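Trainee: mind looking at a prediction? Sequence and model below.
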Amino acid sequence: MIKTKFYTCLKAILFISFISSNAFAKNISTYQSHWGINTGYFLLENIPKGTNNEVLVEDEAPGLGFFYTGEITHNTQVTAGIDLVFIKDNQPFSSKVKNSVTGSVSNKESTILGKSLYLEYGIQYPFLKQNELVLGISGGFRYNNVDREIIRCDNCQKQDLDSFESSAYIKPYIGYHFTEHLSFRFTYSNYLNKNGFSDSIGIEFMFFGF
């Protein structure tokens with residue numbers, strides 16, 4: 001069902017992009033590059049159960065990140081960014097941890113944190129009278145590094161969760177320019193490698209450019 005909706009959305013965006021014209025007047029001036037922040041949710045699939053690491057997680061996880069986008073041509077962009085994904089550990093391991101300041105000892109449980117680096121290239125087309133509305137599609141690659149550990153414990157074990165594999169992805173989006181300094185985009189990403197992250201939805205805020 002998710003794949004069907006994705007390909008329907010992809011075909012619609014490509015069709016609209018094909019019939020659109022570049023004759024729109026560029027009344028809203030946008031910078032050639034900008035910084036931004038993003039937030040969203042990642043869907044998880046094919047996480048091994050009952051492995052040596054005893055991984056048991058939720059089916060979705062929130063993420064937060066920042067990125068930089070540079071304009072290559074009027075309709076093409078390249079983006080690089082980093083995301084933090086906060087994955088709930090439903091079967092954590094625990095350890096006694098000593099507070100280095102107070103000297104007190106307490107039991108602490110493990111948490112799972114995903115760190116992702118990504119690079120993508122995309123095309124976009126403006127619409128409406130002042131080109132406020134933007135439709136686009138990007139393709140890229142996401143490198144994932146997911147660890148399971150007890151925070152602020154130097155001597156505790158740390159597990160690398162290799163089941164969260166890196167993947168290429170396709171990301172259609174729709175955006176809106178409020179001013180030359182502020183815009184946002186709603187995005188949907190479909191990861192071609194389904195081991196770990198399968199899909200994600202998000203919102204990106206671009207707030208500064210030069």
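Mentor: Cool, the structure landed. Numbers count the residues shown, from 1 in each chain.
Trainee: how many residues are close by Lys158?
Mentor: Other residues within reach of Lys158, judged by other Cβ atoms under 10 Å, total 11. Yep, even glycine has a C-beta here, placed from its N, CA and C like the rest.
Trainee: how close does it get to Ile82?
Mentor: Distance, Lys158 to Ile82, by Cβ to Cβ, to the nearest Å: 20 Å.
Trainee: ditto for Phe186
Mentor: On the measure of Cβ to Cβ, Phe186 and Ile82 end up 20 Å apart.
Trainee: can I get the helix or strand where Gly140 lies in PDB? Just the C-alpha atoms.
Mentor: Element membership of Gly140 [criterion: DSSP states H and E] is strand 133-149. Taking C-alpha atoms only, strand 133-149 is exported to PDB below (Å, rounded to 0.1, in the frame of the first residue of the first chain):
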ATOM      1  CA  LEU A 133       4.600  26.900  -4.500                       C
ATOM      2  CA  VAL A 134       7.300  24.500  -5.400                       C
ATOM      3  CA  LEU A 135       7.100  20.800  -6.400                       C
ATOM      4  CA  GLY A 136      10.200  18.700  -6.600                       C
ATOM      5  CA  ILE A 137      11.900  15.300  -6.300                       C
ATOM      6  CA  SER A 138      15.300  14.400  -5.000                       C
ATOM      7  CA  GLY A 139      17.400  11.200  -5.000                       C
ATOM      8  CA  GLY A 140      20.300  10.500  -2.600                       C
ATOM      9  CA  PHE A 141      22.100   8.200  -0.300                       C
ATOM     10  CA  ARG A 142      21.900   8.000   3.500                       C
ATOM     11  CA  TYR A 143      24.700   6.500   5.600                       C
ATOM     12  CA  ASN A 144      23.300   5.100   8.900                       C
ATOM     13  CA  ASN A 145      25.200   4.500  12.200                       C
ATOM     14  CA  VAL A 146      22.900   3.200  14.900                       C
ATOM     15  CA  ASP A 147      24.300   2.500  18.400                       C
ATOM     16  CA  ARG A 148      22.800   0.900  21.600                       C
ATOM     17  CA  GLU A 149      24.400   2.200  24.700                       C
END
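Trainee: tell me what it is packed against?
Mentor: For strand 133-149, the packing partners by 3 or more Cβ pairs under 8 Å, 6 or more residues apart in numbering; DSSP states H and E come out as helix 2-19, strand 76-87, strand 111-127, strand 158-160, strand 167-177, strand 183-191, strand 196-209.
Trainee: what is the mean pLDDT for that strand?
Mentor: What strand 133-149 shows for mean pLDDT is 94.
Trainee: that one pairs with which strands?
Mentor: Paired strands of strand 133-149, with direction, are strand 111-127 (antiparallel), strand 158-160 (antiparallel), strand 167-177 (antiparallel) (DSSP bridges).
Trainee: got the angle for the last one vs strand 196-209?
Mentor: Read it as strand 167-177. Put simply, strand 167-177 runs at 40 degrees to strand 196-209, going by axes from the mean of the first three to the mean of the last three Cα atoms, to 10 degrees.
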